[in-house]
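> give me a 3D structure for the following:
(chains A and B)
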Number of protein chains: 2
Amino acid sequence: MGGDGKVRAALIIIGNEILSGRTQDANLAFIAKELNGVGVTLAEVRVIPDVEAEIIETLNTLRARYTYVFTTGGIGPTHDDITAECVAKAFGKPLIRNAEAAALIEARAKEMGREINEARLRMANTPEGATLIKNSISAAPGFQIENVYVMAGVPVVMQVMLAEVTPFLTGGSPTLSRAVTSRVSEGIMADGLSALQDQYPDIDMGSYPFYKPGGIFGTTIVMRHTDADQLDKAAEDVAALMRSQGGEPEFRDTADD
Amino acid sequence: MGGDGKVRAALIIIGNEILSGRTQDANLAFIAKELNGVGVTLAEVRVIPDVEAEIIETLNTLRARYTYVFTTGGIGPTHDDITAECVAKAFGKPLIRNAEAAALIEARAKEMGREINEARLRMANTPEGATLIKNSISAAPGFQIENVYVMAGVPVVMQVMLAEVTPFLTGGSPTLSRAVTSRVSEGIMADGLSALQDQYPDIDMGSYPFYKPGGIFGTTIVMRHTDADQLDKAAEDVAALMRSQGGEPEFRDTADD
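Below is the predicted model:
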């Protein structure tokens, strides 16, 4: 926990397909919102390739720095799935065949009429001492070891794994947000906004310009804090600033859209 | 350049709005593909908040490690736009009012009939010795200093800036890719695929399972290398592996879709 009472987490997205641009990551924003819902702030994300040394170094750096570390990707049955081995090495633990995981994978294979082979059973390998994270979609589980949560990269699978985990995280107060949008350009509001930021030093105030086809532009001001009353007051002041520049502010209770 | 002849780059995405999940990043995949087109491999991405110490530390770590470093976000006119100051501090250079940038911003303001104010002119601040990266959308430029390229976070603006920059990058051979997809599950192909990876050690072979509504699932194998003939040969072998498991492989010349 930082000096500000926030509980912070990092996310490590493991996968060459994200770095090559082939796959557009769909997990970051989802994880950020789910964590925020239980009072955990996503403080840093790293996207790294399927390379052992980089996975180990990144894991060890971030698990020392943050309360929680989540990883996505690299836990399937194929040769390029090396996350479990790397996590074991990062913790200095042996990689074992987890009997509970193997039973889950075998049961699913039987149910689907699929052969059970060594490749599929590789997905039952975890560092010694890990706790499984269940996967109702495709059976092969993720796992938790200390403050590190290892999840699948496929979004539907990651989402069911995250749902298994979030109820057990210890968070601070959830961060609430307010967004106020108008067609006033940010360059005109900047001085007034800076004064409002000084007036509300604890509120994280972000200014996001937008440009739409047809020469439409404007700015969304997003305010984030744990206290709803303070946020409402600040949002009213931002709206007044926009009106003073001829804008017609629109409010949103949440900035998550 | 690494020992493998690849030219590597890192991307730093600066912005609380990405980490909060409010904004879905739309720049990573675009930048990855554009860089690959000029023979530069995106090797690592970090998403960090608008916090001075983190921006400086991340910049200094990555600019020492990679041939090129790109940043997006934090170069607008408002109080939360601190990237230019942080880059100046990372390089130990003074932040100056860049006369060329100021002229561009003033000309655009005049053209649009907008007042020119100190907030807008803040966008003309660059580290001493920086070269501007032009922005035909909203005039306020990005800048380059040594191997660091500082760009806007708004995708349309970032894209015109990147187009200014890529022709001048010195890359290796562009990485080509082939994708072969079928409804064979990856657990069945894993052993055969591992043997093919051993047979083509220089090809980066990735296995990506997919799950679609209605219980449809399968696997896409993506192969990446600079040599088209080797890729075609490997893709044929992967297709044969899929056929041996009852699959009907579909080929794609590029994996970028």
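> can you list the residues of the stretch 51-200 of chain A near chain B?
Residues of the stretch 51-200 of chain A lying near chain B by C-beta under 8 Å from any C-beta of the partner chain: A:54, A:76-81, A:114-115, A:117-120, A:122-123, A:137-138, A:154, A:156-157, A:175, A:177, A:179, A:185-191, A:193-194, A:197. (Each C-beta comes from the backbone N, C-alpha and C, glycine too.)
> mind checking which of these are in helices?
Mapping these onto helices (DSSP state H) picks out A:54, A:118-120, A:122, A:156-157, A:186-191, A:193-194, A:197.
> biggest separation within those residues, which pair?
Based on C-beta to C-beta, the longest span within those runs between A:E118 and A:D191 and measures 65.6 Å.
> more neighbours: which of the two?
Neighbour count, other C-beta atoms under 10 Å in any protein chain shown: between A:E118 and A:D191, A:D191 has more, with 16 against 10.
> for the more buried one, list the residues it contacts.
B:N117, B:E118, B:A119 (C-beta atoms under 8 Å, 6 or more residues apart in numbering or on different chains).
> what does A:E52 give?
A:I82, A:E85, A:C86, A:K89.
> again, but for A:V184
A:G218, A:T219, A:M242, A:Q245, A:G246, A:G247.
> check A:A90 too.
A:I55, A:I56, A:L59, A:N60, A:R63.
> from the residues you listed, which two are the most distant?
A:I55 and A:R63 (11.9 Å).
> more neighbours: these two, which one.
For A:I55 versus A:R63, the count of surrounding residues by other C-beta under 10 Å is larger for A:I55: 24 against 20.
> quick revisit: ok, and the most crowded of the contacts of A:E52?
Highest neighbour count within the contacts of A:E52: A:C86, with 25 neighbours (other C-beta under 10 Å).
> related to what we said a few turns ago, out of the contacts of A:V184, which touch chain B?
Among the contacts of A:V184, no residue lies close to chain B (C-beta under 8 Å from any C-beta).
> ChimeraX command to pick out the buried ones of those residues?
Remark: buried members of these, expressed as a ChimeraX selection using 16 or more other C-beta atoms under 10 Å in any protein chain shown:
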select /A:218,219,242,247
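> closest one to chain B out of the contacts of A:V184, please.
Among those, A:T219 lies closest to chain B (C-beta to the nearest C-beta), at 8.5 Å.
> wait, doesn't that closest one sit right on A:F210?
Yes. Counting by C-beta atoms under 8 Å, A:F210 is a contact partner of A:T219 at 7.2 Å.
> which of the residues of the stretch 51-200 of chain A next to chain B count as buried?
A:54, A:76-81, A:119-120, A:122-123, A:137-138, A:154, A:156-157, A:175, A:177, A:179, A:185-191, A:193-194, A:197.
> in the stretch 151-257 of chain A, which spans are strands?
For the stretch 151-257 of chain A, strands defined by DSSP state E, counting those that start in this stretch occupy the ranges A:176-182, A:204-212, A:216-225, A:250-252.
> in CSV, list those along with distance to A:V165 and mean pLDDT.
Formatted as CSV, the strands of the stretch 151-257 of chain A follow (distance: least, C-beta to C-beta, whole Å; pLDDT from 0 to 100):
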stretch, distance to A:V165, mean pLDDT
strand A:176-182, 22, 94
strand A:204-212, 26, 89
strand A:216-225, 23, 92
strand A:250-252, 29, 90
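> now, which of the contacts of A:D191 sits nearest chain A?
For the contacts of A:D191, the nearest to chain A is B:A119 (3.1 Å; C-beta to the nearest C-beta).
> pull the contacting residues for A:I31.
Taking C-beta under 8 Å, 6+ apart, we find A:I31 in contact with A:L11, A:L42, A:F70, A:T72, A:M158, A:L162, B:G21.
> swap that for A:F210, please
Applying C-beta under 8 Å, 6+ apart to A:F210 gives the contacts A:F217, A:G218, A:T219, A:T220, B:V154.
> so which of those residues is the closest to A:L28?
The closest of those, once distances to A:L28 are taken by C-beta to C-beta, is B:V154, at 18.2 Å.
> low-scoring stretches of chain A, by residue?
Along chain A, segments meeting pLDDT under 70 span A:1-3, A:254-257.
> domains of it?
According to automatic domain parsing, chain A comprises the domains A:7-168, A:176-252.
> pick the most buried one from those.
Across the domains of chain A, averaging neighbours per residue (mean count of other C-beta atoms under 10 Å in any protein chain shown) puts domain A:7-168 on top, at a mean of 20.
> span of that domain from start to end?
End-to-end distance for domain A:7-168: 14 Å, by C-alpha to C-alpha, to the nearest Å.
> need the longest helix for chain A.
Chain A, longest helix under DSSP H: helix A:228-244.
> now the angle from that helix to strand A:176-182?
10 degrees (axes from the mean of the first three to the mean of the last three C-alpha atoms, to 10 degrees).
> and helix A:228-244, what does it pack against?
When contacts are defined as 3 or more C-beta pairs under 8 Å, 6 or more residues apart in numbering or on different chains; DSSP states H and E, helix A:228-244 packs onto strand A:176-182, helix A:186-199, strand A:216-225.
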